[in-house]
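**Student:** structure, please.
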Amino acid sequence: MKKIKLFLTLVICLIFNTNNIFGSEINLNITKQYLNLPVSQQIERAKMTFFIDGNPERNFIIRLSATPEYWVFVDVSEHIGKTLKIFYEGNADGLQKIEQSDKPFGANDFYKEENRPHLHFTTRVGWINDPNGLVYYDGEYYLFYQLNPYEREWENMHWGHAVSKDLIYWEELPVALYPDELGTMFSGSAVIDYENTSGFGDGKTPVMVAIYTTDNPEKQIQCIAYSSDKGRTWTKYEKNPVIDSKEKWNSKDTRDPKVFWYQPGKHWVMALNERDGHSIYTSPDLKNWTYQSHTEGFWECPELFELPIDKNPAKTKWVMYGASGTYMLGNFDGKKFIPETGKLSNCFGAIYAAQTFNNIPKTDGRRIQIGWDRVEHPGMRFKGQMSLPTELTLRNTPDGIRLFNNPIKELDTLHEKVVISEKNITPQKANELLREYSNNATLRIKTSVKASHATFWLLKLFGQNIIDYNYNFNTINEYFYSQQDMASMEVSADIFIDKTTVQVFFDGGAISYCIQREPRNENEGFRFWSDRDIEIKNLEVYIMKSIWK
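**Tutor:** Numbers count the residues shown, from 1 in each chain. As a prediction, the model looks like this:
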């Protein structure tokens, strides 16, 4: 009898102390727009769930801490006047630190922090990676992106959202797509359904349709959502997923759909990374997809588009590339890409997972690209940035047709003033002129360098090689590059220096890269240096304005 009583006592204790074993909870009467959550990278992650009226509203992983390194925020404006229950499966000490406010903690410092990039898009708080859903519509460029709003490392994938009227000044909007019962929101693309092929529209105003990967522990599936208010709010398709191809490929790696309208066939085309390459699917309505073909040799984030050669619309090639920036040229008949080259590359360094904009007006005609720069921002509560927007073109070269990548012309509007404009000077003179601008946070430098007998030359910034050009091994920063005219011994560079990165474009976009700024000598600023004589044929330096108004 005593054993039975002891057993019942233990059961009762377990029932009434469940929170201490499995988690803890608090109840908040929501009176303000934001919840501020204290976070520390020193704390182990644990699951947090929000409940409204007894129903789970969202759940995510977070490093909740009673001694925060920084704060993240959640917009709960739609729940004002309701009671929110927060259940947390980790250490409960941080629960009592959660605070409500009319604006996020630290909002007065957004975009003004010490290591906030001035030329590259970054999110207010959290981790970002791949750009998603790049599309132009009704005077706005839409940038969606992979986002973890709850800390500065990867997890909890959402679609963040920003818009711009000029690709320079961006406005960050509320999260577009949240994780759901199918999984988290991985990469994808967006289109404007002018013909209402999907049936999501009213036949008057075109809908925007997002096509994205949903990831869960079992598999990756392709889903769609639509918006009738210019991407401000979204409705997920009730019959998601629209593609589930794990069984076909016996692989979880089926992700990152890039969709566009193929006018000759009057159907939608999807390039989808599957296992070891890019597959092509077609659809009449964005809901029902048919597998057509597969091109091996790529990994993640497919792109497929047509470009004129040397700006001649009568001569074109199709470009297929993947996350690493490697690409093939070939032909496309609406169902199959036929490569005509091996793998080529013109971009390296920190940039990854670049995507181009759909729906750029024909009057513009450019193919504009943005990628993810995998870089650090020391001491900040955000991590990662978007690359500078660039224009892609195809040109004839002695080696054949090649892809060129140049900063868009709109970046010129960030020139605040020209501080150096010289021609035909020695490196010693260039170093003297550059010295006073070494500590400027953001600069643009346009230069061309001629090396008559030098086997290499460098441009350093505080001891870091931002350009390391070697004529003996034909390398730039250790990546192979052969000029079209080696006899000239002259190379041009367009250099963008930001708070935490340097992005460089050589010889009119023949090759480009992005690197993390890593100062190694605090006493030495800019310095041209070589083993033999070089001549600085041109040197222009611009102080740049910030993209954050």
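**Student:** show me the contacts for L394.
**Tutor:** 307-310, 316-317, 319, 329, 401-404 (CB atoms under 8 Å, 6 or more residues apart in numbering). (Each C-beta comes from the backbone N, C-alpha and C, glycine too.)
**Student:** check which element follows the regular element (helix or strand) spanning it along the chain.
**Tutor:** Using DSSP states H and E, L394 sits within strand 390-397. For strand 390-397, the succeeding helix or strand toward the C-terminus, using DSSP H and E, is strand 400-407.
**Student:** in the stretch 401-549 of the chain, which spans are helices?
**Tutor:** 427-434 (DSSP state H, counting those that start in this stretch).
**Student:** what about I543, neighbour count?
**Tutor:** 16 (other CB atoms under 10 Å).
**Student:** contacting residues around it?
**Tutor:** So I543 contacts 415-417, 419, 437, 440, 442-443 (CB under 8 Å, 6+ apart).
**Student:** just the pLDDT at the nearest residue to it once chain neighbours are set aside, thanks.
**Tutor:** If the residues on either side of it in the chain are set aside, I543 comes closest to E416, at 4.7 Å by CB to CB, 6 or more residues apart in numbering. Reading off the confidence values, E416 has pLDDT 96.
**Student:** for L10, same thing?
**Tutor:** Looking at L10, its pLDDT reads 37.
**Student:** what's the answer for Y542, then?
**Tutor:** 98.
**Student:** quick one: mean pLDDT over stretch 434-449.
**Tutor:** 95.
**Student:** now that stretch: buried residues?
**Tutor:** Neighbour counts using 16 or more other CB atoms under 10 Å place 434, 437-438, 441-449 of stretch 434-449 among the buried residues.
**Student:** again with stretch 206-216
**Tutor:** 206-215.
**Student:** one step back: name the nearest of the contacts of L394 relative to K165.
**Tutor:** Set against K165, the nearest of these by CB to CB is L307 (25.0 Å).
**Student:** looking at the buried residues of stretch 206-216, spot the one nearest M157.
**Tutor:** D215 (7.0 Å).
**Student:** let me see the contact set for the closest one.
**Tutor:** D215 neighbours (CB under 8 Å, 6+ apart): 157, 183-184, 186, 255.
**Student:** try T316
**Tutor:** 306-309, 394.
**Student:** what does I62 give?
**Tutor:** Counting by CB under 8 Å, 6+ apart, the residues that I62 touches are 37, 39, 45-46, 48, 72, 90, 150-151.
**Student:** recalculate using a threshold of 10 Å.
**Tutor:** 37-39, 43, 45-48, 72, 88, 90, 94, 148-151, 155-156 (CB atoms under 10 Å, 6 or more residues apart in numbering).
**Student:** list the ones among those residues that fall in strands.
**Tutor:** 37-39, 46-48, 72, 88, 148 (DSSP state E).
**Student:** farthest-separated two in those residues?
**Tutor:** Y88 and N148 (17.4 Å).
**Student:** more neighbours: which of these two?
**Tutor:** Between Y88 and N148, counted using other CB under 10 Å, N148 has the larger neighbour count: 26 against 20.
**Student:** gap between G94 and D75?
**Tutor:** The gap separating G94 from D75 is 20 Å, by CB to CB, to the nearest Å.
**Student:** just the strands from the stretch 201-350 of the chain, written as ranges.
**Tutor:** 207-215, 220-227, 235-236, 254-262, 267-274, 277-283, 290-296, 303-309, 312-321, 327-332, 337-339, 347-349 (DSSP state E, counting those that start in this stretch).
**Student:** give me the helices and strands touching the last one, please.
**Tutor:** Under the contact criterion of 3 or more CB pairs under 10 Å, 6 or more residues apart in numbering; DSSP states H and E, the helices and strands touching strand 347-349 comprise strand 367-373, strand 479-480, strand 501-506, strand 511-516.
**Student:** what do you get if the cut-off is 7 Å, keeping everything else the same?
**Tutor:** Using 3 or more CB pairs under 7 Å, 6 or more residues apart in numbering; DSSP states H and E, the elements in contact with strand 347-349 are strand 511-516.
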